[in-house]
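> with the sequence up front, the predicted model follows.
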Amino acid sequence: MKIMGLDFGSKTVGVAISDSLLITAQGVEIIRRNEENKLRQTLARIEALIEQNDVREIVLGYPKNMNDTLGERVVKTEEFKEKLERRTGLPVILWDERLTTVAADKAMMEAGIRREDRSSHVDKVAAVLILQGYLDWKSHQNAKEEQE
C-alpha cells in the first residue's frame, strides 16, 4: 500500500508517491493541462498512477492563506478533492501546504538547480514536501498511540 501526494495548481498537478513502508515520498511527475477547468485527462492520469502504484490514500495540498483564512484557490482545491474521491473511491486528506512552494524552491536552489530550471520542477518537489509532511505526522501519531 502506498499514499499519493498532490500539489494542485491552476495548470499543473505535482505528484509524489510514498514507498510501501510509508516512510519517504518520491516525486513522480507533473501533470500539465492547457486550461484550468479541463480536468478529465488529469484525473485519468492520476487514476493510472494510482493503479500502477497500489495507492490507497491521497493527500492533497490545501492552500490556506498565511493568515489562516481561506482564499479562492481553496474552493477550487475542495472541488478537485470531491472529483478525486468520486472518481477514485479513495479517501482524500487535505494537508496544509503553506510555504511548500517556497521550501521547494529553496531546496532546489540549495541543490544548485538553476533558476530557469526550477520552475519546471517546483510542483513535483512541492508534492513531495506535502506528502512527506503527512507521512512524518502519521508516523508520529502511530508512535504516540503505541506509547499509550
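Received it, and whenever you're ready, just let me know what you need.
> max-length helix in this structure?
Using DSSP state H, we find that the single longest helix of the chain is helix 122-147.
> what packs against it?
When contacts are defined as 3 or more Cβ pairs under 8 Å, 6 or more residues apart in numbering; DSSP states H and E, helix 122-147 sits against strand 2-8, strand 12-18, strand 25-32, strand 55-62, strand 92-96, helix 100-110. C-betas here are computed from N, CA, C, even on glycine.
> so for that helix, mean pLDDT?
In this model, helix 122-147 has a mean pLDDT of 84.
> please apply the same query to stretch 46-66.
Here the average pLDDT along stretch 46-66 is 92.
> tell me the buried residues in that stretch?
For stretch 46-66, a neighbour-count test (16 or more other Cβ atoms under 10 Å) marks 46, 49-50, 53, 55, 57-64 as buried.
> what is residue 30 paired to in the beta sheet?
Here residue 30 sits in beta bridges with residue 14, as judged by DSSP bridges.
> tell me, what's the model's pLDDT at it?
Reported pLDDT for residue 30: 93.
> that one contacts residue 123, correct?
Yes. With contacts counted by Cβ atoms under 8 Å, residue 30 reaches residue 123, the gap being 4.9 Å.
> now do the longest helix of the chain against strand 55-62, angle only.
Angle, helix 122-147 to strand 55-62, by axes from the mean of the first three to the mean of the last three Cα atoms, to 10 degrees: 110 degrees.
> surely residue 90 and residue 59 touch.
No. The pair residue 90 and residue 59 fails to qualify as a contact (Cβ under 8 Å) at a distance of 10.7 Å.
> pLDDT of stretch 13-26, averaged?
96.
> residues of the longest helix of the chain that come out buried?
When burial is assessed from 16+ other Cβ under 10 Å, helix 122-147 yields the following buried residues: 122-135, 138.
> residue 26: which of those is nearest?
Closest approach between the buried residues of helix 122-147 and residue 26, by Cβ to Cβ: residue 128, at 6.9 Å.
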